[in-house]
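Engineer: Below is the sequence, then the predicted model.
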Amino acid sequence: MPGMKTKKLSKKEQLCIKCRKCCEKVGVYTDPAIYEISEKEVVLFYQARGATVTKSDDELFIVFDLPCPHLSKTGCAIYKSRPTICRIYSGLHEFGDDCLWSTLTKKRVASKKTDVNRAAS
Ligand code: SF4
Ligand code: SF4
């Protein structure tokens with residue numbers, strides 16, 4: 001819009017717009033102890049549903065390919081009013097070096113999670 005001031009995007013915002021992983025996937029933690037079956041069976045269940053399962057401390061981290069309904073071909077359709085969590089969420093813990101924010105640091109950001117996909121198969 002002519003004359004409208006546009007806020008300069010931060011480096012992190014620019015990287016997120018390029019990356020989009022957090023908009024295309026959703027990850028949730030679950031404690032395998034709350035199920036009345038073995039952890040291996042819990043992992044197998046979520047894998048059968050197409051999720052990627054990793055382990056972090058005592059919790060399972062389950063990632064589904066579930067694109068946000070606000071994600072358009074040109075990016076977030078509600079970018080200016082996107083939820084606070086979208087503004088502050090860091091994909092570093094979830095995606096490790098695959099999160100583009102990792103390029104802002106010289107240290108490699110290895111994910112602390114253990115891949116249980118192979119162990120459970
Ligand atoms: S993984 Fe990192 S760079 Fe990618 S969208 Fe999430 S926070 Fe942004
Ligand atoms: S609201 Fe926008 S920034 Fe948040 S997950 Fe959806 S597309 Fe991504």
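Structural biologist: Good, I have the coordinates. Ligands and ions are numbered 1, 2, ... in the order given.

Engineer: Identify the spatial nearest neighbour of L100, chain neighbours not counted.
Structural biologist: The shortest distance from L100 to any residue other than its chain neighbours is 4.0 Å, reached at L15 (C-beta to C-beta, 6 or more residues apart in numbering). In short, each C-beta sits where N, CA and C put it, glycine included.

Engineer: and that neighbour, what element?
Structural biologist: Of the helices and strands defined by DSSP states H and E, L15 is found in helix 11-19.

Engineer: So is that helix next to ligand 1?
Structural biologist: Yes. For a cut-off given as C-beta under 6 Å from any ligand atom, helix 11-19 has contacts with ligand 1, namely L15, C16, C19.

Engineer: Now the second one: closest residue in space, sequence neighbours ignored.
Structural biologist: Nearest residue to C16 in three dimensions, chain neighbours excluded: C22, at 7.0 Å (C-beta to C-beta, 6+ apart).

Engineer: Which residues lie in contact with the residue minimising distance to the centre of the chain in this structure?
Structural biologist: The central residue of the chain, meaning the one whose C-alpha is nearest the mean C-alpha position (C-alpha atoms, centre = their mean), is C22 at 4.3 Å. C22 makes contacts with C16, C86, Y89, G91, E94, as judged by C-beta atoms under 8 Å, 6 or more residues apart in numbering.

Engineer: What's the separation between it and ligand 1?
Structural biologist: With the distance defined as C-beta to the nearest ligand atom, to the nearest Å, C22 ends up 3 Å from ligand 1.

Engineer: Equivalent analysis for V28, please.
Structural biologist: On the measure of C-beta to the nearest ligand atom, V28 and ligand 1 end up 15 Å apart.

Engineer: in what helix or strand does that residue lie?
Structural biologist: Going by DSSP H and E, V28 is part of strand 25-30.

Engineer: so Y29 makes contact with E59?
Structural biologist: Yes. In this structure, Y29 sits in contact with E59. The criterion is C-beta atoms under 8 Å, and the distance is 4.7 Å.

Engineer: out of the two, which sits in the more crowded spot?
Structural biologist: E59 (15 against 10; other C-beta atoms under 10 Å).
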